[in-house]
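Engineer: Turn this into a structure:
(one chain, ligands or ions: 2)
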Amino acid sequence: MRQRPVYDVAIIGSGAGGGMAAYVLTKAGARVVMLEAGPRWFASKDSKMLVPNYATPHRGASIHGRPFGEFDACDGGWEIDGEPYTKAPGTQFSWWRARMLGGRTNHWGRISLRFGPDDFRRKSLDGLGDDWPISYDDVKPYYDNVDQFIGLYGTNEGLRNAPDGIFMPPPKPRCHELLVKKASDKLNVTCIPARLSIITKPLNGRMACHYCGQCNRGCQVKANFSSGDVLIAPALETGKLTLITNAMAREVTVGADGLANGVSYIDKNTNTDEHVNAKVVVLAASAMETARLLLNSKSSQHPNGLANSSGVVGKYLTDTTGAGVSGHIPALEDHIPHNHDGVGGMHVYMPWWLDNSKLDFPRGYHIEVYGGAGQPGAGSGAGIQRLNGGGYGKQLKADYRKYYGASIGFDGRGEMIPNENSYCELDPTMVDRFGIPVLRFHWKFTDYEINQAKHMQETFRALIVAMGGTPSSPMPSRERNYGLADGGTIIHELGGARMGADPATSVVNANCQAHDVKNLFVADGAPFVSQADKNPTWTILALSWRTSEYIAQQRAAGAI
Ligand SMILES: Cc1cc2nc3c(=O)[nH]c(=O)nc-3n(C[C@H](O)[C@H](O)[C@H](O)COP(=O)(O)OP(=O)(O)OC[C@H]3O[C@@H](n4cnc5c(N)ncnc54)[C@H](O)[C@@H]3O)c2cc1C
Ligand code: SF4
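Structural biologist: Ligands and ions are numbered 1, 2, ... in the order given. Model prediction:
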């Protein structure tokens, strides 16, 4: 009988965290097997980057499985056929999942912000939430590695809690962004060049961005970051990575010693149960899917699920807070036709600029900006009757030209504080199409987040007025939480296997190594102790690099 190989490391998931672990570990010489629930997909080969909307069957509109548009580089969404989740009564929560090689890095916004020194020690500063067992200085060298290897644009500004990095030159602000900057200056809101993982100079065989603005379809020239092209392709080139796609992990298996010895999975091509053997297991299936895998990995040695002697698996979930406002800016009507080319994202943004001790909410937010007159997407110009009173024929066409590009939008992205009422657990009865128990979510925002959303609304409306414009919608009421987006809908879920020094109150240690199982590691957003007013992926990448380096050192020392 053929002996099944025993890999040095098995990684579950190929997104930001899994891709980075595969890259660092294969470069360190480990024989790695990666299980990915979705199919192979590389933007450089599979993207429809330059297909115009008019040449597509649905003119680029959303279709089933592609909620952000027909040619979005998206395999996944809020609902996945045969893979449900449930919500406790009263819970407003949506779970966005990718099912493809590279995970959500194929269609993320690429806003790449480091957490700042305060973000790792919030409890010490204001008594809320918990401190991380590591500091900014522990992660800084890995942020530097990620900046240099993956690349991003931005500028060094010397802001204390929005740390500088190793940036490529940013693209110039476009017309609407210059107006935003002017209004921000007027209101004393800090407005600086954005920080996006899009390269503006060639790097490691990848071409510089040519400003086609189609990042959400995946970049054929690899100028933006996706895990498939930037991390997994070089890992495959080492010859050390075995990639198994369409492989849905069911559970991490353990030996008689209680240590992890591999992963059982469903081969979705054949619907059969399979198993890979490994000396070390790295979970990187996305924060909540990782919690689900741990809870489902029950054994006589780990009856509450793997790494869950503390009972903390699935707890302290957070998502970024979000509220947004758009407005009409007459100064941008009938603009002189000019080049609006740019990246598929913003060229300026506003990091948190105020002191929370003087406000009625404890944590900050940053502001994302959208607008301009790039290639129109499906549905562009909808609602024009609100501006021109309706019409048809030649006049309507002329009005579309007049108003196109005269809208501006602001989105606040803020910090939620972890609370006891936001968690996931296994649903007692429901299983997915593979027979795997699904997650049931509980979610609650507190006044901290609701007051923050009110401040976002007031600020964005003031910015629109300062630009000479009018907000497109009235201020949402307190009953509607001032427009605070439901949990999960900003798609920055973190927590579920939090880091800590005390095994009684945390799941993994400062190296993202399970307290209970020394050869089990977590490399996605699950170990995060807190959110920050920053998008999380740059920190997931930096921590995954740090954890993977630690695994390589521990293996070399014979400790795991
Ligand atoms: C539209 C959108 C915009 C975003 N914008 C930003 C942004 O601007 N900045 C930012 O920092 N973040 C952004 N994000 C979030 C960002 O994409 C995630 O933080 C990041 O991708 C998380 O990486 P991950 O490795 O934890 O998970 P993922 O990237 O989700 O990868 C997880 C992988 O695991 C696989 N998997 C799941 N379960 C299993 C299983 N049981 N077995 C095998 N494989 C499994 C999945 O198929 C997936 O490929 C955005 C996300 C979306 C969707
Ligand atoms: S805008 Fe730049 S990074 Fe985005 S798809 Fe086009 S070339 Fe690639």
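Engineer: Which phi and psi values does I551 adopt?
Structural biologist: Per-residue torsions, I551: phi -60, psi -40 (degrees, to the nearest 10).
Engineer: so it touches I560, yeah?
Structural biologist: Yes: if you go by CB atoms under 8 Å, I551 and I560 touch, sitting 7.2 Å apart. No exception for glycine: its C-beta is placed from N, CA and C like everyone else's.
Engineer: Determine the residues that are contacts of both of the two.
Structural biologist: Residues touching both I551 and I560 (CB atoms under 8 Å, 6 or more residues apart in numbering) are V280.
Engineer: Same drill for those two, tell me which one is more crowded.
Structural biologist: I551 (26 against 19; other CB atoms under 10 Å).
Engineer: any idea of the pLDDT on that one?
Structural biologist: The model reports I551 with a pLDDT of 98.
Engineer: In contact with it, which residues?
Structural biologist: I551 neighbours (CB under 8 Å, 6+ apart): 9, 25, 30, 280, 282, 521, 560.
Engineer: Apply 6 Å and report the result again.
Structural biologist: By CB atoms under 6 Å, 6 or more residues apart in numbering, the contact set of I551 is V280.
Engineer: try D486
Structural biologist: By CB under 6 Å, 6+ apart, the neighbours of D486 are Q92.
Engineer: What separation do you get for it and G129?
Structural biologist: D486 is 21 Å from G129, where distance means CB to CB, to the nearest Å.
Engineer: all strands of the stretch 251-400 of the chain, in order?
Structural biologist: Here the stretch 251-400 of the chain has its strands, by DSSP state E, counting those that start in this stretch, at 260-267, 272-283, 321-328, 348-349, 365-371.
Engineer: and those strands as JSON lines, adding distance to ligand 2 and mean pLDDT?
Structural biologist: Listed next are the strands of the stretch 251-400 of the chain as JSON lines, based on distance: least, CB to the nearest ligand atom, whole Å; pLDDT from 0 to 100:
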{"stretch": "strand 260-267", "distance to ligand 2": "33", "mean pLDDT": "98"}
{"stretch": "strand 272-283", "distance to ligand 2": "29", "mean pLDDT": "98"}
{"stretch": "strand 321-328", "distance to ligand 2": "22", "mean pLDDT": "97"}
{"stretch": "strand 348-349", "distance to ligand 2": "16", "mean pLDDT": "98"}
{"stretch": "strand 365-371", "distance to ligand 2": "15", "mean pLDDT": "97"}
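Engineer: Any regions of this protein where pLDDT drops low?
Structural biologist: Low-confidence segments of the chain, defined by pLDDT under 70, span residues 1-2.
Engineer: do that again at 90, thanks
Structural biologist: Residue ranges of the chain with pLDDT under 90: 1-4, 48-76, 107, 335-341, 373-384, 386-387, 390.
Engineer: all helices for the stretch 51-200 of the chain, in order.
Structural biologist: Listed in chain order, the helices of the stretch 51-200 of the chain (DSSP state H, counting those that start in this stretch) span 122-126, 136-150, 175-186.
Engineer: how about the first one: buried residues?
Structural biologist: Burial within helix 122-126, assessed by neighbour count using 16 or more other CB atoms under 10 Å, is assigned to R122.
Engineer: same deal with the second one?
Structural biologist: Neighbour counts over helix 136-150 (16+ other CB under 10 Å) mark 136, 139, 142-143, 145-147, 149-150 as buried.
Engineer: E415: which of those is nearest?
Structural biologist: Using CB to CB, Y136 is the member of the buried residues of helix 136-150 that lies nearest E415, at 15.6 Å.
Engineer: burial count for the residue nearest to that closest one when sequence neighbours are not counted?
Structural biologist: Nearest in space to Y136, with sequence neighbours left out and distances taken as CB to CB, 6 or more residues apart in numbering, is P117 at 4.1 Å. Residues within reach of P117, counting by other CB under 10 Å, total 14.
Engineer: before we move on, back to that, with distance to N481 added, can I get the buried residues of helix 136-150 in TSV?
Structural biologist: TSV is the format used below for the buried residues of helix 136-150 (distance: CB to CB, whole Å):
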residue	distance to N481
Y136	32
V139	33
Y142	36
Y143	33
N145	39
V146	35
D147	36
F149	40
I150	36
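Engineer: Return the member of the residues you listed nearest to ligand 2.
Structural biologist: Set against ligand 2, the nearest of the buried residues of helix 136-150 by CB to the nearest ligand atom is I150 (12.6 Å).
Engineer: which stretches of the stretch 51-200 of the chain form strands?
Structural biologist: Remark: strands assigned in the stretch 51-200 of the chain by DSSP E, counting those that start in this stretch are 76-77, 86-87, 97-98, 192-193.
Engineer: Among the ones you listed, show me which one is buried the most.
Structural biologist: strand 97-98 (a mean of 24; mean count of other CB atoms under 10 Å).
Engineer: For it, which strands pair with it and how are they oriented?
Structural biologist: Take DSSP bridges as the rule and strand 97-98 pairs in its sheet with strand 76-77 (antiparallel).
Engineer: Could you pick out the residues of the stretch 1-150 of the chain near ligand 1 for me?
Structural biologist: Within the stretch 1-150 of the chain, the residues that sit near ligand 1 (CB under 6 Å from any ligand atom) are 12-18, 35-38, 96, 98-100, 103-105, 107-111.
Engineer: Go again with 8 Å.
Structural biologist: Within the stretch 1-150 of the chain, the positions adjacent to ligand 1 are 12-19, 35-38, 68, 74, 76, 96-105, 107-113 by CB under 8 Å from any ligand atom.
Engineer: Do a quick rundown of the helices in the stretch 301-450 of the chain.
Structural biologist: Secondary structure of the stretch 301-450 of the chain (DSSP H, counting those that start in this stretch): helices at 385-388, 393-403, 447-466.
Engineer: The shortest one: how far from the chain's middle?
Structural biologist: The reference is to helix 385-388. 36 Å (CA atoms, centre = their mean, to the nearest Å).
Engineer: residues making contact with it?
Structural biologist: By CB under 6 Å, 6+ apart, helix 385-388 touches 399, 403.
Engineer: how does it look with 10 Å?
Structural biologist: Residues outside helix 385-388 that contact it (CB atoms under 10 Å, 6 or more residues apart in numbering) are 328, 330, 333, 381, 391, 395-396, 398-400, 402-403, 406-407, 470, 472.
Engineer: ok, I11 touching G103?
Structural biologist: No: at 11.9 Å, I11 does not count as touching G103 under the criterion of CB atoms under 10 Å.
Engineer: okay, and the common contacts of these two?
Structural biologist: 17-19, 36, 284-285.
Engineer: Just the closest of those residues to G377, please.
Structural biologist: The closest of those, once distances to G377 are taken by CB to CB, is G19, at 27.9 Å.
Engineer: ok, now which ones touch the closest residue to ligand 1 within the stretch 101-250 of the chain?
Structural biologist: Nearest to ligand 1 in the stretch 101-250 of the chain, going by CB to the nearest ligand atom, is G103, at a distance of 2.4 Å. If a contact means CB under 10 Å, 6+ apart, then G103 has 13-19, 36-38, 75-76, 97, 226-228, 284-286, 289, 524 as its contacts.
Engineer: again, but for W353
Structural biologist: 159, 162, 184, 187-191, 364, 366-367, 459.
Engineer: What of L426?
Structural biologist: Residues in contact with L426, defined by CB under 10 Å, 6+ apart, are 291-292, 295-296, 298, 305, 314, 436-440.
Engineer: Would you point out the most distant pair within the residues you listed?
Structural biologist: K298 and R440 (16.6 Å).
Engineer: are any of the contacts of G103 buried, and which?
Structural biologist: 13-19, 36-38, 75-76, 97, 226-228, 284-286, 289, 524.
Engineer: I'd assumed D502 was in contact with S310.
Structural biologist: Yes: between S310 and D502 there is a contact under CB under 10 Å: 8.4 Å.
Engineer: how about the contacts of L426 in a markdown table, adding neighbour count?
Structural biologist: Shown next, in a markdown table, are the contacts of L426 (neighbours: other CB atoms under 10 Å):
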| residue | neighbour count |
| --- | --- |
| A291 | 31 |
| R292 | 27 |
| L295 | 22 |
| N296 | 18 |
| K298 | 17 |
| G305 | 23 |
| G314 | 27 |
| I436 | 17 |
| P437 | 17 |
| V438 | 17 |
| L439 | 24 |
| R440 | 19 |
